[in-house]
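test case, fold it:
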Amino acid sequence: MARNEVVVKSMNILKLFEQHEALSLNDIVNLTGSPKTSVMRMIRSLEDMEFISKRADKKYCLGLSFLHFGQLVAERLDIRRIALPYMIELRDEVDEAVALVVPHGDEAMYVEKVDTSQMVRVYTRVGRRAPYYAGACPRILLAFMEPSRREAYIESVQMVKMAAGTITDKAVLRQVLEESRKNGYSMSFSELETGAAAIAAPIFNHQGTVVGGLSILATDYRIREYQEQGGDLANRVKQKANQVSKELGWMPRD
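Residues are numbered from 1 along each chain as shown. Below is the predicted model:
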């Protein structure tokens, strides 16, 4: 079926706001490469539907319709609804932020987060995307992905250094993934953000397919300090992830 070009071009405009908080008309024209008159028509239509709005400085930003539809999507995403109470429990137990990611094409997307009361915390916004190879929570999805798909991803992905500890060697990545499958969890230090650490466990559905990842997010030094004091964050996050999996119909095998 042929794509509707107007819809595609309108979506291309909206996608610009994933990376930019606000854009002028000329910014949008330059970034899309579309004629100014065409961009102006699409902007007017998007404004009428409240998908974008014009600020006092004459720049455009995302409109209230996204807030409305985004809330509907979040409310109807079963894994999020099921996981949230367990995330709150885990946050209260360890006093660290807890995040939930799901697969989104060739990336992981953060769809829920509960914050900590700690003064110094790791910043991760809902809606953020990250490559599967970087960070404990995205990588746990890759570790338990169907083997042929996992290998195809590793072969094709260009591993970019995002922070001080990002893994960029595919042989090292394969070894880390094997350890994650063996242990049932993944750990990361300074992979997506320098100074940030995470411990993550997989969430499975009734078919045994990995559909999400649950992680504890904290500063590098707090994770290391907790572990040195005999704390077992890995088992805590695995337990909560298993509880979410069971509510999704997963039956653990011996």
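
which of the helices or strands spans the residue nearest to Pro35 when sequence neighbours are not counted?
Once flanking residues are discounted, Pro35 sits nearest to Val29: 7.7 Å by CB to CB, 6 or more residues apart in numbering. (Glycine included, C-beta is placed from N, CA and C.) Assigned by DSSP states H and E, Val29 belongs to helix 25-32.

what comes into contact with that helix?
Helix 25-32 is contacted by residues 9, 12-13, 16, 20, 23, 35-36, 39-40, 43, 58-60 when judged by CB atoms under 8 Å, 6 or more residues apart in numbering.

so for it, mean pLDDT?
Taken as a whole, helix 25-32 has an average pLDDT of 92.

that helix: what's the following helix or strand?
On the C-terminal side of helix 25-32, the nearest following helix or strand under DSSP H and E is helix 36-48.

need the pLDDT of Leu67.
Listed pLDDT for Leu67 reads 75.

what segments of the stretch 151-254 of the chain are strands?
186-189, 196-204, 210-219 (DSSP state E, counting those that start in this stretch).

in contact with Met159, which residues?
By CB under 8 Å, 6+ apart, the contact set of Met159 is Pro131, Tyr133, Thr166, Ile167, Thr168, Asp169, Lys170, Leu173.

secondary structure class for Ser53?
Of the three states, Ser53 takes strand under DSSP: H, G, I helix; E, B strand; the rest coil.

low-confidence ranges, the stretch 1-150 of the chain, go.
1-3, 71-77, 118-123 (pLDDT under 70).

show me the helices in it, by range?
Under the criterion DSSP state H, counting those that start in this stretch, helices of the stretch 1-150 of the chain are mapped to 5-16, 25-32, 36-48, 64-76, 78-94, 136-143, 147-156.

got the ones you listed as a markdown table, with distance to Glu112 and mean neighbour count columns?
Listed next are the helices of the stretch 1-150 of the chain as a markdown table, based on distance: least, CB to CB, whole Å; neighbours: other CB atoms under 10 Å:
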| stretch | distance to Glu112 | mean neighbour count |
| --- | --- | --- |
| helix 5-16 | 22 | 14 |
| helix 25-32 | 30 | 16 |
| helix 36-48 | 28 | 14 |
| helix 64-76 | 8 | 12 |
| helix 78-94 | 5 | 18 |
| helix 136-143 | 11 | 28 |
| helix 147-156 | 24 | 12 |
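
which of those helices sits closest to Tyr110?
helix 136-143 (7.8 Å; CB to CB).

just list what that closest one packs against, helices and strands only.
strand 97-104, strand 107-114, strand 129-131, helix 147-156, helix 170-183, strand 186-189, strand 196-204, strand 210-219 (3 or more CB pairs under 8 Å, 6 or more residues apart in numbering; DSSP states H and E).
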